[in-house]
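[1] Sequence plus the predicted model coming up.
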Amino acid sequence: MDQATIKTYDRYYKEYDDEVIEFWDNFPLVIIDEFCKKLKGKRILNLGSGSGRDALILRNKGLEVVCCDASREMVRITKQLGFETIESDFCDLNFKDNSFDGIWAYTSLLHIKKEEAQEILKKIYKFIKPDGIFLIGMIEGVFDGEMERENMPGEKRYFRFYEENEIKDMVEKVGFKFEFQERYKPRSKTYLNQIYIKR
C-alpha cells in the first residue's frame, strides 16, 4: 500500500471524518439493504473502515462488524466506537479461509495499484464463506495518481478510479459472480457500488 496515503489519514483523521459525515448521512439505503438481504450470516469484515461511519450503519442493521484499516488513527477511532478492529496493510491481510459471511470494501481498494488490488481480491475470495457476499465501492473514471484536498494541505493520497466493466472483470476473475450495482453521485464524482456472491 502507498505509505504516503496512510500517513495522510493518520495526520488528517479529524478532517476526513468531518468530510464524510454528509456522504454517509445521504448514502443510499438500497445498496445496504441489498447487501444485508443477501448475507447468509452476520459476521462481516469492513475492509478499509476509516472512521467507522459505514461500520456504524452496518452494526445498526444487526451485523457483527470487524473493522480493518491501515491507518493507526482510524483504528483508534473504530476501537473507541466499540468495534473489534485490526490494523493492517491490505497486502498483509491474514485471516483464516471462510472467516466471514461477507466483506464490505468501500472506497478502500481504490487507494492501491490495480495489480495489488487483484492480489487482494484473491485473498478476499478465500476469506469469505461459500455463498458469501462481497461489496466493492469504487469511484468511476480513468484517473490514476495522487490527489491533494484543500482540507488536507501539503498531503497527497493515491487514487485509482475504475470503469464499470473494469471492476467486474477484475472481481469476476477471482471467482465472484456479479449480483447487483448502484451508482451514487453525492457531488461531482460517481461512486460505483457493486455486490458479488462467492460461488
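    Arrived safely.

[2] just the strands in this protein please.
    Shown for the chain, the strands assigned by DSSP state E span residues 43-47, 64-69, 84-87, 100-106, 128-139, 144-147, 157-160, 176-184, 191-198.

[3] among those strands, which is nearest Leu29?
    strand 176-184 (10.4 Å; CB to CB). Every residue, glycine included, has its C-beta placed from N, CA and C.

[4] List the strands paired with that closest one, with their directions.
    In the sheet, strand 176-184 lines up against strand 191-198 (antiparallel) (DSSP bridges).

[5] what does the average pLDDT come to for the strand it pairs with?
    When pLDDT is averaged over strand 191-198, the result is 98.

[6] How about stretch 86-93?
    Across stretch 86-93, the average pLDDT comes to 94.

[7] mind listing what's buried in it?
    86, 88, 90, 93 (16 or more other CB atoms under 10 Å).

[8] How far off centre is that stretch?
    Shown here is stretch 86-93, whose average C-alpha point lies 13 Å from the average C-alpha point of the whole chain (CA atoms, centre = their mean, to the nearest Å).

[9] sorry, back to before: closest one to Lys185 out of the buried residues of stretch 86-93, please.
    Closest approach to Lys185 among these (CB to CB): Phe90, at 26.1 Å.

[10] Next up, the contacts around that closest one.
    The contact partners of Phe90, by CB atoms under 8 Å, 6 or more residues apart in numbering, come to 1, 47-48, 70, 108-109, 112, 116, 120.

[11] just those residues now: which is nearest Asn165?
    Once CB to CB is applied, the member of these that ends up nearest Asn165 is Leu109, at 16.3 Å.

[12] So for that closest one, what's the nearest residue that isn't a sequence neighbour?
    Closest residue to Leu109 apart from its sequence neighbours, by CB to CB, 6 or more residues apart in numbering: Ala117 at 4.7 Å.

[13] which residues touch the one you found?
    109, 160, 170.

[14] ok, the first one touching Phe134?
    No: no contact is recorded between Leu109 and Phe134 when judged using CB atoms under 8 Å, the distance being 11.0 Å.

[15] Next one: the residue lying farthest from the centre of the chain from Glu146, what distance?
    Seen from the C-alpha centroid of the chain, the residue lying at the greatest distance (CA atoms, centre = their mean) is Gly154, 24.8 Å away. Applying CB to CB, to the nearest Å, the value for Gly154 to Glu146 is 12 Å.

[16] now Ile44
    Counting by CB to CB, the gap between Ile44 and Glu146 amounts to 31 Å.

[17] Wait, Cys36 touches Val65, no?
    No: at 11.7 Å, Cys36 and Val65 do not qualify as touching, with contact defined as CB under 8 Å.

[18] Could you tell me which residues touch both of these two?
    By CB under 8 Å, 6+ apart, Cys36 and Val65 have these common neighbours: Leu58.

[19] Counting neighbours, go ahead and name the busier of these two.
    Comparing Cys36 with Val65 by other CB atoms under 10 Å, the one with more neighbours is Val65, at 26 against 17.
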